[in-house]
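>>> Sequence plus the predicted model coming up.
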Amino acid sequence: METDPQGTNQRIWHVVASIPQGRVSTYGDIARFAGLGRAARRVGWALRQLPSDTRVPWHRVINSAGKLSLPSTSDAGRLQRKRLEKEGVTVRSGDRIALATYRWIPGDTCR
DNA sequence: CATATGACGTCCT
DNA sequence: GAGGACGCCATAT
């Protein structure tokens, strides 16, 4: 049951879907909250498997360095930046984001 | 079964 | 603050 690999992806996607608009979270925090421990890379894997027509806000997930893990030269990278700015998240030069301002921890009811 | 790779994280310099 | 080394988890070959 919980051993289903697809179930794990489903769990990860569910956590990502709970990120409020205008906020961002990190791969590590999501993995931890999903019960995956330090499998931050596992989260990246799950997001990569997402279909193009997904409703999951994958663009709100960045790395602990406060930067977009997707290359700004790729279409996905540009799309991520576009959507974030559209939600009010300021993306500075070098695809950097102020984690101190926008970071959100799963389960935290306080915005 | 061993190696390499990837939308990562932490520690050290 | 930036960059490199090593560790962690899963998949591909």
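Now that the structure is in, tell me what you want to look at. Numbers count the residues shown, from 1 in each chain, chains lettered A, B, ... in the order given.
>>> Run a quick neighbour tally on A:Gln10.
For A:Gln10, the neighbour count with other C-beta atoms under 10 Å is 12. Heads up, the C-betas are built off the backbone N, CA and C, glycines and all.
>>> can you pull the contacts of it?
Going by C-beta atoms under 8 Å, 6 or more residues apart in numbering, A:Gln10 touches no other residue.
>>> same deal with the one 5 residues further on?
By C-beta under 8 Å, 6+ apart, A:Val15 lies in contact with A:30, A:33-34, A:106.
>>> Would you mind writing the PyMOL command to select the buried ones in these?
Restricted to buried positions by 16 or more other C-beta atoms under 10 Å, the PyMOL selection for the contacts of A:Val15 reads:
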select buried, chain A and resi 30+33+34
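>>> Which pair of the contacts of A:Val15 spans the longest distance?
The span of the contacts of A:Val15, defined through C-beta to C-beta, is set by A:Ala34 and A:Pro106 at 8.0 Å.
>>> now the helices: where do they sit in chain A?
A:5-17, A:27-33, A:40-48, A:75-86, A:99-102 (DSSP state H).
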